Structures are given as C-alpha cells and as structure tokens.
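**Student:** the following comprises the amino acid sequence and a computationally predicted model.
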Amino acid sequence: MSAEDLLEKIKVIIREEESVEGADVEKDAAIATEGLSVSYNGRLAVEGVNLKFRSNTITAIIGPSGCGKSTVLRSLNRMNDLVPGARVTGKVLFRGVDIYSKDVDPVFIRSRIGMVFQRPNPFPMSVFDNVAFGLRVNGFKLTKDEMKKRVQEALIKAALWDEVKDRLDAHAYSLSGGQQQRLCIARALAVEPEVLLLDEPTVSLDPISTSKIERLLVAIKHDYTIIIVTHNMQQAARVSDYTAVMMTDENLVGRVTEFGPTKEIFTSPKDQRTEAYISGRVS
Amino acid sequence: MGDQILIRDQVDRRRSDLKRWLDRIVPVVLSVGVFFGVTVLAALVVDVVLEGSHRLSLNLITNYPSANPAEAGMRSAILGTIATVGLSAVICIPLSIASAIYLIEYAAGKRWAEVLRYNIANLAGVPSVVFGVVGLGFLVYGLGVGRSVLAGAFTLAILTLPYVTVTCVEAIKTVPEDLKFGAYALGATRFQVVRSIILPRALPMMLTGGILGISRAIGEAAPILVISGLLFIREDPTSLFDRFTVMPLQLFNWISRPQPAFRELSAAGIIVLLLILLALNSLVIYMRYRLYRRLEAT
Ligand SMILES: Nc1ncnc2c1ncn2[C@@H]1O[C@H](COP(=O)(O)OP(=O)(O)OP(=O)(O)O)[C@@H](O)[C@H]1O
Ligand SMILES: [Mg+2]
C-alpha cells in the first residue's frame, strides 16, 4: 500500500470519526447506518446517512418537514419494504448484521425493532388484545397467566396500567387519544424489542399526555434503545441524549447535517443552518 | 383601486348568480332522472302483479313444466337456479376474495398487478353471452363436462368473478393503512395481517359484493341458454353432471308461447323471481347496516 493510499484511508477514517460525535457512541451502538440512502420511485429522498444509535439512550432526529426523518426511521426496521416505490441502499447494522442482507427476514427484524406511529393506531379490539397482539403473531407459547403478566408489564412500562386495569376488556377506541398512544407503546413493548422507534408520537396529543409519554420514555430507556423523530425542539432537548439534525439541500435531498450529544447540538451547533433552525424555533 | 373592487364585485355577483341558478336546476334534472327510472320500474311491477298474481300458487313452485298451463310449474327451473347459482357462489366468492387479497396485499405496487386489476374491471363490462360461449367451448366441449349443472355453475362463477373481485378490492382498500402498518411493525406476517386485520373489517363488504353478484347470476338467461340449450326439463337435477334449466329460461319459454294462460304463468314466475331478488337485496341492506353499526362503534 502506497503512502498516498494510506493517507487517503486515514482521511476517510478521520472524516467518519468527525461525522459521529463522541467515541462512546461508536463503542456500543445498538443500531447504526452506513451510507444509507432512500429513494421513492427513483427520486432520491435521503442520502448518505451515517448514524450510530447508542444502546440504552434516546436519540432524537429533528429537522424541517420533508427532510426525510420518517424515511430514515422506516429504514431502520424495514418498514420501507411496505412502501410502494421505496428503495433503500447502504447498510443498517443491527447487532453488527446488515438488516438488508439477503438472508435476513424483515418480519423478524420488525419484531426486534418496534415502532410507534404519529397518529395513535390501536387495533379495533379490546385493550388486552391490542397488547397481546404482538405476542400472538410472534408465536409466543404462553399460558393464560403468563400472557396476562406480559400484558400487565407492558402496560405498566407504558404508564397506562393504572388507568386501564379495570377495563382491559373495553374497546381500545374508548380510550382517549393520549391513552391510545400509550397503548400503542405498550403494544410495541410487549414483544420485548431491543430498539423502539417513535415517529412524532406526541404531535396529536395534549401537553399532559405528551409529558406522560416523555417521562415514560426516559424511565424505560435503560432497557431499550430509543429513537424518536420530533418536530418539537423542546421535546428533543428534554428527552434525548443524542440528537441528529437533518436538512434538505436545494434538490430536496435530505442529509444529516449534525449529530452529537443533545447538549452540544443545542448549545454550540457547528452548522450554520442548524443553528438558524434551532434558534428560530427554540427561543 | 376602487374600480377594481367594483369589477370584482360584479364578477363575483355574476358567478354567484350562475351558481344559484345551477343549484336550483340541478336537483330538478336529477329528480326527473330518478322519477323516470322509478316510474318505469313501478309500471313493470304493477303490470306483472296484475297479470300474474292470481296464478301464484304452490303448484307453480312444486310442479314440473307441462304443456297444460293449469298444471305447469317451474320446479326444475327453481332447483336448477339454486344448484347452479349456489355452486357458482361457492366457487366465485372465495376466488374473488383470494384474488383481491393477492392483488392488493401481495402484489402491491407491481405494475403488472395494476394492469391486471384494470383488466378485471374491464371484464365486468363484457356481455354475459360471451361468457356463455366461452363456457360452451371450454367447459362443455373442451373439458367434456357436457351441458351440465357444473358447466353452468362455472360459467356463472366466471361471469360474476370480475364484479365481485372489484368489490373485494374496494373492500380491502377501506381498511386503514395505519392498522396494517401497526400490525406489520409488531412483526406480523402478511398472512397474519390479512387474517386478523384486513378480513375482519373487509369481509362484510366483500360478502355484500358477493350477494349482489349472486343476484346478477340469478337473472342471467343468455349464457345459460348457450350452455344448457334446454328449456323444457321434467326432472330434478340430482348430480353435477345432470342437464338443467334456470328460472329466467323457463320464463322466457312461457312468454314465447301463444296461449295467454302461459303469459299469466310467466308473470307469476317473474313475481317469484323478483321476490327472491328482493330477499337477497334485503340481506345486503341488512349486512350493510350491521357493518356501519360496527364501524360506528369502533
Ligand atoms: N411513500 C412515499 N412515496 C413517495 N415519496 C415519499 C413517500 N414518503 C415520503 N416521500 C418523500 O420523501 C421525502 C421525505 O419524506 P419524509 O416523510 O421522510 O419526511 P419527514 O422529515 O418525516 O417530514 P415530516 O416532518 O413532515 O413528517 C419527502 O420529499 C417526501 O415527499
Ligand atoms: Mg414524518
């Protein structure tokens, strides 16, 4: 290997180090993307995303509307497979394995990497059956009592148990919007995923429900790796340990412009556009 | 500046004049259309009832056709209709549901699936006699099943398949994407999503489409005339390979006879046919009512 090649290689390594703030993130990433790009019907939506999501932390993804936050999130558990016209290139490493390699079953990936959506979407069935749904479809062989226990644990983690313990048989649609969203979180937690993805989980909710969800996320983060997309800068600042900022270029292609510990991003953003974006919204 | 406002006012007023005029004329035009349809239908029903009601009797249902109008009944035709249409529903409805699920859930987004879907919709507009000719060539002669109940049932099934498939596709589309994604995100397979999320919500509407398809099959005369050819049968169909006739063909036979008594008989037969269709359509309305009640509750 010539000296020039070596120099080039080191430069690349340094550049990669720079793009990911903090060496500790590097060390124990539960999930990481390498050169992730997504296009819809041949139109590039997101390009060159390199992110490392550290275990047992909350990472927020923020950025203006249409910059590709949801697109990146859906790529992390292969939900983009279900979107007609979507094409993902690059790697998403989960436990060091590229989830887009041929022998990986997307159905298995989705049971290990849970997802909560922007609008609460409980199934049209009872509260109990909603939480049990994931256990049933994943073929957990549980006795009735074990099932009850798992459902209860999930509802407790989702800070919903006290409100629904007397009406587990009630229809899920009889719950309030905030309760429905926590039910969706419980539903995702019941299958004991390692990673939890949340796409603007509180936009349709009132401040009290929002703060309940924020607090429960912080409370459970030690058992999971949480990635939350949000429009709300205060929310990112309140709950997250790390923050990724995404912006679109003049061709409307989304890129990560900044990534690092939340405190650093909010106090001393390096990128001018990030700074403008953050200060424009926070103050 | 002031002029401009004035002009805009005038334009606005003129536009709103036109709108008001349209608002008044459109319901009139539409109600004329409804009135026309309802009157023609009512006139037909009244005419048939006046002519045929006194010939309604149990004999009409239990007797075989006969050259003597006083004894003639449509037993073999009623049984033939029940056998062919019933069997065709058993073939058509599951097949339609399966194709719709495949097209929407499994082949989603594939160009050829789209092409297929539009062509199925086009098939729904093909004249029914064409299906009869296909059935005759393919089933009766090609596969050698003869002019049998089986050939009739398959022909009716193929005839109603496009329409029922289209309604099943529409039914699946009423299931919110949110719910499907929610289930997929929990690690559900396609089959599990179909079974536990899509079918429970779409099935009532699918069955509604199926029953409407059956209603259409009951009224079909042309393709059965091609397949069966027979108008006069004095035997019950007892096996799939028996020859058969159906109610519209029996009526057609009676109408074309010169004696007035047969005309009355056919009017009575039409009343029976209409009652059966009415019962089926009531079932559809009831099911739809149940469906909406359930969706409202959720
Ligand atoms: N299903 C789809 N089909 C085609 N294009 C899509 C699809 N989903 C997203 N896009 C495009 O990809 C780009 C990124 O969209 P995405 O939904 O990921 O943005 P976002 O950052 O989540 O926005 P928001 O904050 O409004 O939710 C947009 O230009 C959007 O038009
Ligand atoms: Mg989004």
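**Tutor:** Perfect, thanks for sending it. Ligands and ions are numbered 1, 2, ... in the order given.
**Student:** C-alpha only now, for contacts and for neighbours.
**Tutor:** Will do.
**Student:** mind checking what secondary structure whatever residue of the stretch 1-150 of chain B ends up closest to chain A has?
**Tutor:** Residue of the stretch 1-150 of chain B nearest chain A, by CA to the nearest CA: residue B:109 (5.1 Å). Put simply, residue B:109 is coil when judged by DSSP: H, G, I helix; E, B strand; the rest coil.
**Student:** you'd agree it is up against residue A:86?
**Tutor:** No: at 10.1 Å, residue B:109 does not count as touching residue A:86 under the criterion of CA atoms under 8 Å.
**Student:** what's the pLDDT at residue 45?
**Tutor:** Defaulting to chain A. On pLDDT, residue A:45 comes in at 96.
**Student:** wrong chain, I was asking about chain B
**Tutor:** Listed pLDDT for residue B:45 reads 93.
**Student:** helix, strand, or coil at residue A:47?
**Tutor:** Per three-state DSSP, residue A:47 ends up strand.
**Student:** residues from the stretch 151-283 of chain A in reach of chain B?
**Tutor:** By CA under 8 Å from any CA of the partner chain, the residues of the stretch 151-283 of chain A that approach chain B are A:171, A:173, A:188, A:191.
**Student:** residue 88 sits in which helix or strand?
**Tutor:** Since you didn't name a chain, this refers to chain A. Taking DSSP states H and E as the definition, residue A:88 sits inside strand A:86-94.
**Student:** my bad, the chain I had in mind was chain B
**Tutor:** Counting by DSSP H and E, residue B:88 is part of helix B:75-101.
**Student:** chain center to that helix, what's the gap?
**Tutor:** Averaging C-alpha positions (CA atoms, centre = their mean, to the nearest Å) puts helix B:75-101 11 Å from its chain's average.
**Student:** what residues sit buried inside that helix?
**Tutor:** Residues B:75-89, B:91-97, B:99-101 are the ones in helix B:75-101 that count as buried (16 or more other CA atoms under 10 Å in any protein chain shown).
**Student:** could you do stretch A:238-248 as well?
**Tutor:** Result for stretch A:238-248 [16+ other CA under 10 Å]: buried residues A:239-248.
**Student:** residues in contact with the next helix or strand along the chain from the strand holding residue A:88?
**Tutor:** Using DSSP H and E, the helix or strand that follows strand A:86-94 towards the C-terminus is strand A:97-98. By CA atoms under 8 Å, 6 or more residues apart in numbering or on different chains, the residues outside strand A:97-98 that reach it are A:91-92.
**Student:** pLDDT of strand A:97-98, averaged?
**Tutor:** 94.
**Student:** and the helix or strand that comes right after that strand, what does it pack against?
**Tutor:** Proceeding N to C from strand A:97-98, the next assigned helix or strand is helix A:106-112, under DSSP H and E. Counting contacts by 3 or more CA pairs under 8 Å, 6 or more residues apart in numbering or on different chains; DSSP states H and E, helix A:106-112 packs against no other helix or strand.
**Student:** what's the following helix or strand after helix A:106-112?
**Tutor:** strand A:113-116.
**Student:** can you list the residues that contact that next one?
**Tutor:** Outside strand A:113-116, the residues touching it (CA under 8 Å, 6+ apart) are A:76-77, A:184-185, A:188-189, A:193-199, A:201, B:182, B:185-186.
**Student:** of these, which belong to strands?
**Tutor:** Using DSSP state E, the members of the contacts of strand A:113-116 that fall within strands are A:195-199.
**Student:** how about the residues you listed in JSON lines, adding neighbour count, pLDDT and distance to residue B:260?
**Tutor:** Below are the ones in strands among the contacts of strand A:113-116 laid out as JSON lines (neighbours: other CA atoms under 10 Å in any protein chain shown; pLDDT from 0 to 100; distance: CA to CA, whole Å):
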{"residue": "A:195", "neighbour count": "28", "pLDDT": "96", "distance to residue B:260": "81"}
{"residue": "A:196", "neighbour count": "23", "pLDDT": "97", "distance to residue B:260": "79"}
{"residue": "A:197", "neighbour count": "25", "pLDDT": "97", "distance to residue B:260": "78"}
{"residue": "A:198", "neighbour count": "22", "pLDDT": "97", "distance to residue B:260": "77"}
{"residue": "A:199", "neighbour count": "22", "pLDDT": "96", "distance to residue B:260": "75"}
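**Student:** quick check: pLDDT value at the residue nearest to residue B:83 when sequence neighbours are not counted.
**Tutor:** Leaving aside its chain neighbours, residue B:83 sits nearest to residue B:149 (7.1 Å; criterion: CA to CA, 6 or more residues apart in numbering or on different chains). Looking at residue B:149, its pLDDT reads 94.
**Student:** for residue B:149, give me phi and psi.
**Tutor:** phi -50, psi -40 (degrees, to the nearest 10).
**Student:** same check, this time on the one 5 residues further on
**Tutor:** Phi and psi for residue B:154, reported as degrees, to the nearest 10, are phi -70, psi -40.
**Student:** ok, residue B:220 to chain A distance?
**Tutor:** Between residue B:220 and chain A the computed distance is 40 Å (CA to the nearest CA, to the nearest Å).
**Student:** up against ligand 1, what does chain A have?
**Tutor:** A:40, A:45, A:65-71, A:83 (CA under 6 Å from any ligand atom).
**Student:** what about the helices in the stretch 51-200 of chain B?
**Tutor:** B:58-62, B:75-101, B:111-123, B:128-135, B:149-173, B:177-184, B:190-193, B:199-219 (DSSP state H, counting those that start in this stretch).
**Student:** tell me which of those sits nearest to ligand 1.
**Tutor:** helix B:177-184 (11.7 Å; CA to the nearest ligand atom).
**Student:** do the closest one and ligand 1 meet at all?
**Tutor:** No: shown here: helix B:177-184 not in contact with ligand 1 (CA under 6 Å from any ligand atom), separated by at least 11.7 Å.
**Student:** name the residues of that helix that are buried.
**Tutor:** Neighbour counts over helix B:177-184 (16+ other CA under 10 Å) mark B:178-184 as buried.
**Student:** got a pLDDT number for residue A:219?
**Tutor:** 94.
**Student:** measure it to residue A:239 for me?
**Tutor:** Distance from residue A:219 to residue A:239, counting by CA to CA, to the nearest Å: 10 Å.
**Student:** and the residue nearest to the residue of the stretch 1-150 of chain B closest to chain A when sequence neighbours are not counted, which of the three is it?
**Tutor:** Nearest residue to residue B:109 in three dimensions, chain neighbours excluded: residue A:84, at 5.1 Å (CA to CA, 6+ apart). At residue A:84 the chain is in coil, as set by three-state DSSP.
**Student:** residue A:84 and residue B:108 touch, don't they?
**Tutor:** Yes: if you go by CA under 8 Å, residue A:84 and residue B:108 touch, sitting 7.1 Å apart.
**Student:** show me which of those two is the more surrounded one.
**Tutor:** Legend: neighbour count by other CA atoms under 10 Å in any protein chain shown for residue A:84 and residue B:108, higher for residue B:108 (16 against 12).
**Student:** thank you, goodbye.
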